[in-house]
Every structure is written in C-alpha cells, then in structure tokens.
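Q: Coordinates for the following, if possible.
(one chain, ligands or ions: 1)
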Amino acid sequence: MFRASAINLYLTDKMQLSYWEKESFFTNIDACIIGSGIVGLSTAIELKRLAPASNILVLERGFLPYGASTRNAGFACFGSVTELQDDLTRQSEDEVFSLVETRWKGLLNLRSLLGDEKIGFCLCGGYELFAAKEDFEKAYSSVEQFNALTESIIGKNVYNDASGKIGAFGFKGVEGMIVNNYEAQVNTGKMMKNLLLLAHESGITVLNGTEVDSLNGNEISLGNGIKFSSRKIIITVNGFAKKFLPELDVEPARAQVVVTSEIPELSFEGTFHYEKGYYYFRNVGKRVLFGGGRNLDFEGEKTTDMGQTEKIQQQLEKLLKEIILPGKKYSIEQRWSGIMGVGSTRKPIVKKLNEYLYCAVRMGGMGVAIGSLVGKEAAGTVIREEF
Ligand SMILES: Cc1cc2nc3c(=O)[nH]c(=O)nc-3n(C[C@H](O)[C@H](O)[C@H](O)COP(=O)(O)OP(=O)(O)OC[C@H]3O[C@@H](n4cnc5c(N)ncnc54)[C@H](O)[C@@H]3O)c2cc1C
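A: Sure thing, here's the model as predicted:
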C-alpha cells in the first residue's frame, strides 16, 4: 500500500505514454508531417508510394483538419480573366501562364490520384460576372489572347462570352458574363474524406487532436508534453506556418463562407466569380455556397482565429439577396470560416530548411488545384535526400 504523500509523487499533468504506445506510434519515424490538409496528406501518400517501407506519421491538431482543406468552396479553377489580367500587371506572361499550367496539372493530378467520382468532380463551367458593361468589355478584350495562350496547356476556347445566360441564371445587376469552359466543381468533403482513406489504406498513421507545440532539431514536442524524434519533418500547416517559421513570407488570411437552404427553383449550376474574385459562389445541389469579402477588411482577416464578422456577413447577405438570388426564398443555414496562407507572391513555398526540416506552405486560394501536386513535389524533395 502507498501512503497518500507517496502517491502524489506519481501524479503528473503531462500525458504519459505506455511502453506499447511509445513503441508503436512514436518510435523509428522516418517522416513526420505536421498538418493533415490536402498538402500534408498528399505529401504523406507520395512519400509512402516512393518509399513503401518507410514509417510515415501525420499529426493534426483538429479532430478533423482545421485549416482550409475541409472548409473551402471547392472550385477546381485555374484563373478567371480578371485574375489573369491582374496577375499580368505584376508578372511576366511566362510567369502568369506557367502558374495556370501548374494549377491545371495539379487538378489533373488530383483527379488521377483519387478519381473523379471520389472528389465529386463536375465540369459545370466557371463564370465571371460583371456589374458594369465597361468592366465586362475591358475583361473581354483579353479573351482572344488568353484563349491563344491557354490552348496548348488546356484546350481550345477556354473563355467565351456567356452574357446570354444572365437572364436564365436569374441574376440582377449583372451586365456581362464570361465563361471558363474548363472550370469545374469538386465536393470538398468527399475529396478530403477519400484522401484520408487513401492515406490510411497506404499504411500511413494519422493522429488527430495532436497539436505540435515546438520543434528542436529533429525533436518534436506535442502540446500534451510528449516528445519524440523523426528523421525528417515536413511542415504543411499553411496559414499557421508563422508559429514554426516566423521568418517565412506566409500570413494567415481568413475567408468567411455561408450556405443557404435548398432553393427548389435554383436555376444555375457552376462556379462563379464576382468583383475580381473577391466574392465567389457556386451551387451545391440546390443550395448556394457563397464566400468572400476579405477585401472589406484585409487587416482584420489577417488572423488564425476562425469566426465571422458583422461587416463581411452583412455584405455577403446583401449580395446574395440583391444580385445572386433576387426574389428567391431561402435562409442562411450555415456559416463558417477557413484560414488560408498567403504571401507577397502567389507561388507556394516548397523547400528544405535544414538537415531535418522541410516545408510546403502558402497555397493562397489555389490549394484545391495545386495542393496534391505541391505534396508530390514536397515528397520528392525529401526522397532526394534518401531516408
Ligand atoms: C473559405 C475558403 C475557400 C476556398 N476556396 C478554394 C477554392 O474554391 N479552390 C481552391 O483551389 N482553393 C480554395 N481555398 C484555398 C484552399 O482551401 C487551401 O489553399 C488549401 O486547402 C490549403 O491546404 P493545406 O493543406 O496547405 O492547408 P490546410 O488545409 O490549412 O491544412 C493545414 C493543417 O495544419 C493543421 N495544423 C496547424 N497547426 C498545427 C499544429 N501546430 N500541429 C498540428 N496540426 C496543425 C491545421 O489544423 C490544418 O488542418 C479556399 C480556402 C478557404 C478558407
């Protein structure tokens, strides 16, 4: 029998692992990936494909991934006309269209990794809406040039005038519309669930509710006090990267989203961009998912905290009511947010940081398109080091 004072000697607020837990989950790790978003899981899956005998561990702080990958709009997009025009004011034609190519190839990679059925792929077309005729004309003036530049990458006639459909879609205050015939929708939830399933089937261990607190060399400290080491560590936390890599050019950028009730008479299908992409909406069956408005408060949305603000929510509701769903009966059924990782350029950062450490972050608003390919690239970078 222990006396009470002796028992106290054994009490601890740190989690203690059993011998078995330590041995099976935290010993002899070849690569530990921090973050189970699309990039983290794709990195893990590719590492396991390239090195089947390796022991790969993915750590995720949330009970589900809790960043952007399960919380986005599911646009399989590679560039609207005004987005490309805007990019061309800062970058060369080569740079802009090489990013278009990366996004396109990223989507092909995602589709071949999981298959169209498992990502709910729907080639429904992507539309850009213009409230003023002159804005439409300015955008449309680039269509011929952009079609020529995208033909060898994607196919013929990527962009066309679709103003004739405005009435049928039921929009109000829209004076022009350009369609991207190759833009598609994915079902974000289905995609991530199947990616996770593939990781499990590949023999990768994914631990949820496991926040990494700090890194020291190849030692990883978890929020619950557990420490262990891994031969390689790959940081794929995107908008949360500053915690580990304060010097990196990646800032958090929150994006707020709402989804409506079912609208039986909803008359459009596809993905839609409004006001140079600051707003985006799509149908989800007979519902509308609508997000954006970060431009109303860039500073306020530079946060890693999930949540909504009145200013942005009010604007989303106003645009839904006046432009997208005028005269329709609906309610807002859900509101949520996600955190992106953005920086001074739109190129993701995939690099080796030291002997043990790698990162693959800064997906901007393009992670659905490029995430699986970035993961593949990150895995390739690690494998070149041979573990
Ligand atoms: C509202 C919204 C709409 C979007 N719409 C689109 C779209 O339509 N098309 C498109 O291409 N892209 C879109 N994006 C962007 C896209 O979702 C992201 O670029 C992509 O999901 C980033 O993937 P990731 O794996 O790099 O990061 P994330 O998905 O954010 O994954 C990072 C993970 O790291 C975890 N993590 C963070 N810190 C720790 C820690 N200390 N320990 C353990 N785990 C940690 C987080 O919980 C998270 O799960 C959208 C984003 C948002 C927010």
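
Q: Number of residues surrounding the residue of the stretch 51-200 of the chain found nearest the ligand?
A: The nearest approach of the stretch 51-200 of the chain to the ligand comes at Gly67, 2.0 Å away (CB to the nearest ligand atom). All C-beta atoms are positioned from the backbone trio N, CA, C, and that covers glycine. Gly67 is flanked by 30 other residues according to other CB atoms under 10 Å.

Q: and it, what does it touch?
A: By CB atoms under 8 Å, 6 or more residues apart in numbering, the contact list for Gly67 reads Gly35, Gly37, Val237, Asn238, Gly239, Phe240, Gly338, Ile339.

Q: Which stretches in the stretch 151-300 of the chain count as helices?
A: Secondary structure of the stretch 151-300 of the chain (DSSP state H, counting those that start in this stretch): helices located at 166-169, 188-201.

Q: CA-only coordinates of the first one in PDB, if you can.
A: Backbone C-alpha positions of helix 166-169 (Å, rounded to 0.1, in the frame of the first residue of the first chain) are rendered in PDB as follows:
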ATOM      1  CA  ILE A 166     -27.600  36.000 -67.300                       C
ATOM      2  CA  GLY A 167     -31.400  36.000 -67.600                       C
ATOM      3  CA  ALA A 168     -31.700  32.300 -67.300                       C
ATOM      4  CA  PHE A 169     -29.500  32.200 -64.300                       C
END
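
Q: Near the ligand, which residues of the stretch 251-387 of the chain? Just list them.
A: Applying CB under 6 Å from any ligand atom, one finds that the stretch 251-387 of the chain approaches the ligand through Ala255, Val257, Gly291, Gly338, Met340, Met363, Gly365, Met366, Gly367, Val368, Ala369, Gly371.

Q: Quick one, grab the pLDDT at the fourth one.
A: In the predicted model, Gly338 carries a pLDDT score of 98.

Q: isn't it right next to Ala73, touching?
A: No - contact criterion CB atoms under 8 Å: Gly338 and Ala73 do not qualify, at 9.2 Å.

Q: which residues are common contacts for these two?
A: In contact with both Gly338 and Ala73: Val257, using CB under 8 Å, 6+ apart.

Q: hang on, the earlier thing: looking at this, the residue of the stretch 51-200 of the chain closest to the ligand is in a helix?
A: No - going by DSSP: H, G, I helix; E, B strand; the rest coil, the assignment for Gly67 is coil, not a helix.

Q: so Ser372 is in which element?
A: Here Ser372, judged by DSSP states H and E, is contained in helix 367-384.

Q: that older thread, name the member of the contacts of Gly67 with the most neighbours.
A: Neighbour tally across the contacts of Gly67 (other CB under 10 Å): the maximum, 31 neighbours, falls on Gly37.

Q: what's the nearest residue to that residue if we skip its chain neighbours?
A: Ser69 (3.7 Å; CB to CB, 6 or more residues apart in numbering).

Q: cool, and Leu266?
A: Lys286 is the one closest to Leu266 (CB to CB, 6+ apart), at 4.9 Å.

Q: my read: the one you found touches Ile263, true?
A: Yes - between Lys286 and Ile263 there is a contact under CB under 8 Å: 5.6 Å.

Q: more neighbours, those two?
A: More neighbours surround Ile263 than the other of Lys286 and Ile263, with 18 against 14 (other CB under 10 Å).

Q: That one and Ile324, how far apart?
A: 10 Å (CB to CB, to the nearest Å).

Q: Need the residues touching each of those two.
A: Val288.

Q: need the contact list for the closest residue to Leu248 other than its chain neighbours.
A: Nearest residue to Leu248, sequence neighbours excluded (CB to CB, 6+ apart): Ala241, at 5.6 Å. Residues near Ala241 by CB under 8 Å, 6+ apart: Ile235, Leu248, Val250, Gly341, Cys359, Val361, Arg362.

Q: what about the chain, any weak spots by pLDDT?
A: For the chain, the stretches flagged by pLDDT under 70 are 1-13, 386-387.

Q: hmm, try it at 90
A: 1-15, 384-387 (pLDDT under 90).

Q: Nearest the geometric middle of it, what residue?
A: The centroid of the chain falls nearest to Gly367 when counting by CA atoms, centre = their mean (3.7 Å).

Q: pretty sure that residue is touching Ile38, no?
A: Yes - using CB under 8 Å, Gly367 is in contact with Ile38, at 5.7 Å.
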